[in-house]
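Novice: coords below, sequence missing:
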């Protein structure tokens, strides 16, 4: 009885270890301040041009707006590509303010990953 109990405990501990160490558990969504700052990047920087109500879109396509969560869902891959990976959004002056700073990129990623 004791031997089978020990075997069971070793087996459970092994599974627990494997579960803790195995693979990607997804984004770390505990930094809610980073997520908030990321939403400010979208609402304060991106929507200056990417909003249906923007007075000067600076060449942003009319159908590419980030006014709602659904809009952001629709364009999330493109946001990640242009603002985070390629760093071509915002565009360089005089049209835009230039690429996001490293901290803004990190916050934008947290926002997109955890919203």
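Specialist: Perfect, I can see it now. It should be emphasised that the depicted structure is a prediction, and the values quoted were computed from it without experimental measurement.
Novice: Now do the helix or strand where residue 112 lies: which elements does it pack against?
Specialist: Following DSSP states H and E, the helix or strand that holds residue 112 is helix 102-114. Contact partners of helix 102-114 among helices and strands, from 3 or more Cβ pairs under 8 Å, 6 or more residues apart in numbering; DSSP states H and E: helix 32-40, helix 69-79. (Each C-beta comes from the backbone N, C-alpha and C, glycine too.)
Novice: let's see it at 6 Å
Specialist: Other helices and strands packing on helix 102-114, by 3 or more Cβ pairs under 6 Å, 6 or more residues apart in numbering; DSSP states H and E, are helix 32-40.
Novice: quick one on the thing from earlier: now the helix holding residue 112 and helix 32-40, what's the angle there?
Specialist: With axes from the mean of the first three to the mean of the last three Cα atoms, to 10 degrees applied, the angle from helix 102-114 to helix 32-40 works out at 100 degrees.
Novice: let's number from 52 now, not from 1
Specialist: Right, with 52 as the first residue, what we last looked at is helix 153-165.
Novice: angle of helix 153-165 against helix 120-130?
Specialist: Here helix 153-165 points in a direction 120 degrees away from that of helix 120-130 (the same axes, to 10 degrees).
Novice: Just the residues contacting helix 153-165, thanks.
Specialist: In this structure, residues lying in contact with helix 153-165 by Cβ atoms under 6 Å, 6 or more residues apart in numbering are 78, 80, 82, 85, 86, 88, 89, 90, 92, 127, 135.
Novice: List the buried residues in it.
Specialist: 155, 156, 157, 158, 159, 160, 161, 162, 163, 165 (16 or more other Cβ atoms under 10 Å).
Novice: now stretch 104-120
Specialist: Of the residues in stretch 104-120, those buried by neighbour count under the rule 16+ other Cβ under 10 Å are 111, 115, 116, 117.
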